[in-house]
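Just a sequence and a predicted model for now, questions to come.
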Amino acid sequence: MRALGKEPERPGAAVNLLVSRKNGRGETTFHVDTFDLCAARQRTVFMKQASEELGVKEDVIRHDLGHVFLQLEALRDEQIKKTLQPEKRDWHVGGRTRRGPAPVARSAPA
């Protein structure tokens, strides 16, 4: 799975998703598509096509897509939290080294 959006706060969840399965003869069958997980119509088409390609019921694909969606949401939340956290690095202020966010510049009292 590859999330295609570069903006973590974007409401859509466009993904490039590949599903595969070994059949009874040991051959691997697969289905790959790019679609928006939040768009019901696109999700339904993916489930139908993937179930036909893999020879499994649509409910199996639906269940697995639910797990993919929840994992993607967790990764997106983590990415947003990292983006919102200030960068911590070493700062040299007044001859001392300090680790943390950038120091706030203060003006001298008038």
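Thanks, I have it. Residues are numbered from 1 along each chain as shown.

List the strands paired with the host helix or strand of Arg99, with their directions.
Arg99 belongs to strand 96-100 when assigned by DSSP states H and E. Strand pairing for strand 96-100, determined by DSSP bridges: strand 89-93 (antiparallel).

I'd like the C-alpha coordinates of the strand it pairs with written as PDB, please.
C-alpha atoms of strand 89-93 as PDB (Å, rounded to 0.1, in the frame of the first residue of the first chain):
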ATOM      1  CA  ARG A  89      18.000  20.600  18.100                       C
ATOM      2  CA  ASP A  90      21.100  22.000  19.800                       C
ATOM      3  CA  TRP A  91      21.100  25.800  20.300                       C
ATOM      4  CA  HIS A  92      24.000  27.900  21.400                       C
ATOM      5  CA  VAL A  93      22.700  30.800  23.600                       C
END
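
And the strand holding Arg99, how far out from the chain middle?
Between the centre of strand 96-100 and the centre of its host chain there is 34 Å, according to C-alpha atoms, centre = their mean, to the nearest Å.

From here on, call the first residue 888.
Done: numbering now begins at 888, and the last item shifts to strand 983-987.

Run through the strands of this protein in chain order.
Per DSSP state E, the chain carries strands over the ranges 889-890, 901-909, 915-923, 976-980, 983-987.

So for Glu965, which of the ones you listed sits nearest?
Nearest to Glu965, of all those, is strand 889-890, at 12.1 Å by C-beta to C-beta. Just so you know, the C-beta spots here come from the backbone N, C-alpha and C atoms, and that holds for glycine as well.
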